[in-house]
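Q: Coordinates only, no sequence provided:
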């Protein structure tokens, strides 16, 4: 059992498993409905970080290495089967850092990393995402302009008061990007960029090509920074195409875990 997943227990039925990490201020609910869209060939596993939604009472991580170590400890058995890691914005950084941590420890790596709306680690981060905006309302207006915050919240100070510590804590977490190992991974990288993203540009996303010794491609999708919400159908169609390259591999690898079929 792990609190990072809404359902507990390790099982490997041969399906490809996709662990989904949220953007700053977000939670597992960001990926609600994806299982229905992607179908039965992929098991969608939204990862619920502490300090939000159903784990609101738990202390939040503001240190990236500490979060990654805890994720590896809690999700270790869940990651024993064939899987991919998906992350959007902050979630992309977390997914990459987790893969690097597991590589350094000689643990099983994902079949692929799927990273969206985050510039490559060697590039300087924009001020908005790294917490340098001191004024709370300026920060919230900036997030709202990017599509990461419903505008109605700007008129509800009691809601903002609850959300702001989560956002600030996550932005502190992102400041740990410089501590992440940048050794190129022996894993394919599939990166996604919003064509109208004003925070992370397409060329900045393409720079992820430096971090794979196997293959890296960038898929440009319509929408801004939060295209996973603004253009969900178009994005999930492209994601389905990418995942289809790994479902057959997962089926073959999964046979070793659930037992090969008898003649």
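A: The structure has been received and is ready for your questions. Just so it is clear, the structure is predicted and the values come from calculations on it, not from any experiment.

Q: hey, where'd the strands end up in this structure?
A: For the chain, the strands defined by DSSP state E occupy 16-21, 42-46, 83-88, 112-116, 189-194, 216-221.

Q: And those: which comes nearest residue 162?
A: Residue 162 lies closest, by CB to CB, to one member of those: strand 42-46, at 20.6 Å. From N, CA and C alone the C-beta is placed, and that goes for glycine too.

Q: Other residues contacting that closest one?
A: 5-6, 13, 15-20, 22, 28-32, 34-35, 38, 78, 243, 247 (CB atoms under 8 Å, 6 or more residues apart in numbering).

Q: ok, back up a step: turn the strands of the chain into JSON lines, columns for distance to residue 163, mean neighbour count and mean pLDDT.
A: Below are those laid out as JSON lines (distance: least, CB to CB, whole Å; neighbours: other CB atoms under 10 Å; pLDDT from 0 to 100):
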{"stretch": "strand 16-21", "distance to residue 163": "19", "mean neighbour count": "24", "mean pLDDT": "97"}
{"stretch": "strand 42-46", "distance to residue 163": "19", "mean neighbour count": "21", "mean pLDDT": "96"}
{"stretch": "strand 83-88", "distance to residue 163": "18", "mean neighbour count": "26", "mean pLDDT": "98"}
{"stretch": "strand 112-116", "distance to residue 163": "22", "mean neighbour count": "26", "mean pLDDT": "98"}
{"stretch": "strand 189-194", "distance to residue 163": "22", "mean neighbour count": "26", "mean pLDDT": "98"}
{"stretch": "strand 216-221", "distance to residue 163": "26", "mean neighbour count": "18", "mean pLDDT": "97"}
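
Q: TSV please, covering those and showing distance to residue 72.
A: Below are those laid out as TSV (distance: least, CB to CB, whole Å):
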stretch	distance to residue 72
strand 16-21	12
strand 42-46	15
strand 83-88	12
strand 112-116	15
strand 189-194	20
strand 216-221	24
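
Q: Of all these, which one is nearest residue 231?
A: Across those, residue 231 has its closest neighbour in strand 216-221 (6.2 Å, CB to CB).
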